[in-house]
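Novice: Sequence unavailable; structure follows:
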């Protein structure tokens with residue numbers, strides 16, 4: 001992802017705070033850009049229909065934009081051409097660039113306004129999500145929903161291997177041992193037809209490098225580590241904890257002989273070729289059909305030597321300063337974070353609620369009892385973490401870490417060596433950015 005030019009975008013915004021006005025009579029139309037996948041679109045449409053029924057004076061014009069580089073580049077172009085949306089679905093990684101360009105509102109502008117939010121309601125949102133929605137401790141976006149990472153596993157494979165299907169791995173050692181017990185060369189040709197665990201190693205130069213790092217981070221935290229120090233002067237992904245986490249992955253990758261195995265883990269899981277994998281709740285609607293012939297479950301990530309942890313994420317809504325209807329845009333954001341709406345959205349989309357009070361709603365409690373896959377993810381939110389922020393060169397540092405993970409596994413380089421070299425390069429970038 002290319003960095004935004006703060007000077008260029010700032011110049012555009014100095015001359016124009018206007019956006020395209022779309023209204024008919026007393027009805028205001030809000031342009032909302034998002035990147036929700038096809039399986040979530042029916043839920044989104046139902047959510048927007050409900051909002052419009054409750055707010056007949058506001059219409060939401062939703063537009064799908066492919067996520068990743070495509071979304072941020074379209075936002076850059078839109079801001080430059082004065083055609084930014086009123087609201088956009090963004091990743092936390094985008095905040096620094098958008099704030100630096102003066103493109104989005106500090107949400108205090110609305111939170112402390114006439115149609116604001118009491119402090120108690122903000123405090124009810126999971127702290128890790130508030131952290132991700134903020135830039136330098138100022139809230140510039142609002143989480144729309146939450147996600148985290150869990151362990152999906154094939155219960156039939158457990159039974160066939162003589163394992164208790166109701167007792168998934170609880171710690172790193174059990175994860176390692178269970179993965180080996182679930183790995184089989186069924187026809188004796190020297191290749192494993194069934195792999196006990198998909199270790200998520202992807203090409204660092206490809207589009208899934210950040211996804212690989214995102215899955216690695218919980219293991220870093222479980223060993224007591226962090227990506228960066230609090231002062232943001234030094235990266236820490238060559239710490240003893242990072243070396244422990246990477247060594248676990250490397251040992252599993254080698255033991256399971258994954259160099260010749262496909263990276264399409266979900267299809268392989270559905271084809272009974274993989275017994276365990278890391279995944280999030282966003283795939284639950286898709287898995288309802290894809291895995292309908294498999295007895296499978298979701299469990300918390302196994303605990304590390306120091307603690308239990310999972311990585312939290314989600315999508316965040318930002319209001320653009322070019323909007324002619326910022327108050328109506330805020331009305332939509334304020335509406336969507338209500339516990340009752342969060343429960344409705346979670347039940348329809350399989351995303352996780354951002355507020356703890358949602359769990360107190362009887363209808364939602366009953367729903368979770370009937371949907372144990374989703375319940376497992378919801379329960380993990382209590383020990384979910386967000387990465388410490390990088391004020392500078394986050395994407396570049398992530399790429400360096402992805403390269404180190406790839407080198408330590410596919411390249412057969414000692415984890416400490418690969419991580420040390422990457423950390424030295426990333427720390428130099430931090431010094432440049434100070």
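Specialist: Arrived safely, thanks for sending. Please read these numbers as outputs of a predicted model, since none were measured by experiment.
Novice: what's the model's confidence in the longest helix along the chain, averaged?
Specialist: Secondary structure of the chain per DSSP state H: the longest helix is helix 415-433. Averaging pLDDT along helix 415-433 gives 90.
Novice: elements contacting it?
Specialist: Under the contact criterion of 3 or more Cβ pairs under 8 Å, 6 or more residues apart in numbering; DSSP states H and E, helix 415-433 touches helix 240-255, helix 394-409. C-beta: built from backbone N, CA, C; applies to glycine.
Novice: Report the buried residues of the first one.
Specialist: For helix 240-255, burial by neighbour count (16 or more other Cβ atoms under 10 Å) applies to 241-246, 248-250, 252-253.
Novice: Next: the last one.
Specialist: Neighbour-count burial for helix 394-409 flags 394, 396-409 (criterion: 16+ other Cβ under 10 Å).
Novice: For that helix, enumerate the helices and strands it packs against.
Specialist: Partner elements for helix 394-409 (3+ Cβ pairs under 8 Å, 6+ apart): helix 209-222, helix 240-255, helix 415-433.
Novice: Need the contact partners of the last one.
Specialist: Spelled out, that is helix 415-433. With contact meaning Cβ atoms under 8 Å, 6 or more residues apart in numbering, helix 415-433 is reached by 228, 232-238, 242-243, 246-247, 250, 390-393, 396-397, 400-401, 403-405, 407-408, 411.
Novice: Taking their axis directions, that helix and helix 394-409 sit at what angle?
Specialist: Going by axes from the mean of the first three to the mean of the last three Cα atoms, to 10 degrees, helix 415-433 is angled at 170 degrees with respect to helix 394-409.
Novice: for the shortest one, same thing?
Specialist: Note on geometry: by the same axes, to 10 degrees, helix 209-222 and helix 394-409 are set 80 degrees apart in direction.
Novice: Okay, angle between helix 209-222 and helix 240-255 too, please.
Specialist: Using the same axes, to 10 degrees: helix 209-222 against helix 240-255 is 120 degrees.
Novice: any idea how far helix 209-222 is from the chain center?
Specialist: Distance of helix 209-222 from the chain centroid (Cα atoms, centre = their mean, to the nearest Å) equals 11 Å.
Novice: Would you mind pulling the contact partners of it?
Specialist: 149, 172, 200-204, 226-227, 237, 241-242, 245-246, 248-249, 278, 301, 303-311, 313, 385, 387, 395, 398-399, 401-402, 405.
Novice: Apart from its neighbours in sequence, what residue is nearest the residue most central in space within the chain?
Specialist: Nearest to the mean C-alpha position of the chain, by Cα atoms, centre = their mean, lies residue 313 at 3.3 Å. Leaving aside its chain neighbours, residue 313 sits nearest to residue 147 (4.8 Å; criterion: Cβ to Cβ, 6 or more residues apart in numbering).
Novice: Regarding that neighbour, what is its secondary structure?
Specialist: At residue 147, secondary structure determined by DSSP: H, G, I helix; E, B strand; the rest coil is strand.
Novice: pretty sure it contacts residue 352?
Specialist: Yes. Using Cβ atoms under 8 Å, residue 147 makes contact with residue 352 at a distance of 6.2 Å.
Novice: Tell me what the closest residue to residue 124 other than its chain neighbours is bridged to.
Specialist: What sits nearest to residue 124 in space, not counting adjacent residues and going by Cβ to Cβ, 6+ apart, is residue 355, at 4.8 Å. For residue 355, the beta-bridge partners under DSSP bridges are residue 125.
Novice: re the thing from before, for the longest helix of the chain, buried residues please.
Specialist: Applying 16+ other Cβ under 10 Å to helix 415-433 flags 415, 418-423, 425-427, 429-430 as buried.
Novice: List the residues that contact the closest residue to residue 111 other than its chain neighbours.
Specialist: Nearest residue to residue 111 in three dimensions, chain neighbours excluded: residue 117, at 5.1 Å (Cβ to Cβ, 6+ apart). Counting by Cβ under 8 Å, 6+ apart, residue 117 touches 111, 334, 337.
Novice: Would you quantify the distance from residue 211 to residue 287?
Specialist: 17 Å (Cβ to Cβ, to the nearest Å).
Novice: Ok, residue 225 next?
Specialist: 31 Å.
Novice: Also residue 427?
Specialist: 40 Å.
Novice: ok, which stretches of the protein are strands?
Specialist: For the chain, the strands defined by DSSP state E cover 23-24, 27-34, 58-64, 87-90, 134-135, 138-139, 142-148, 150-154, 276-279, 296-299, 310-319, 384-385.
Novice: Before I go, just wanted to say thanks for your time.
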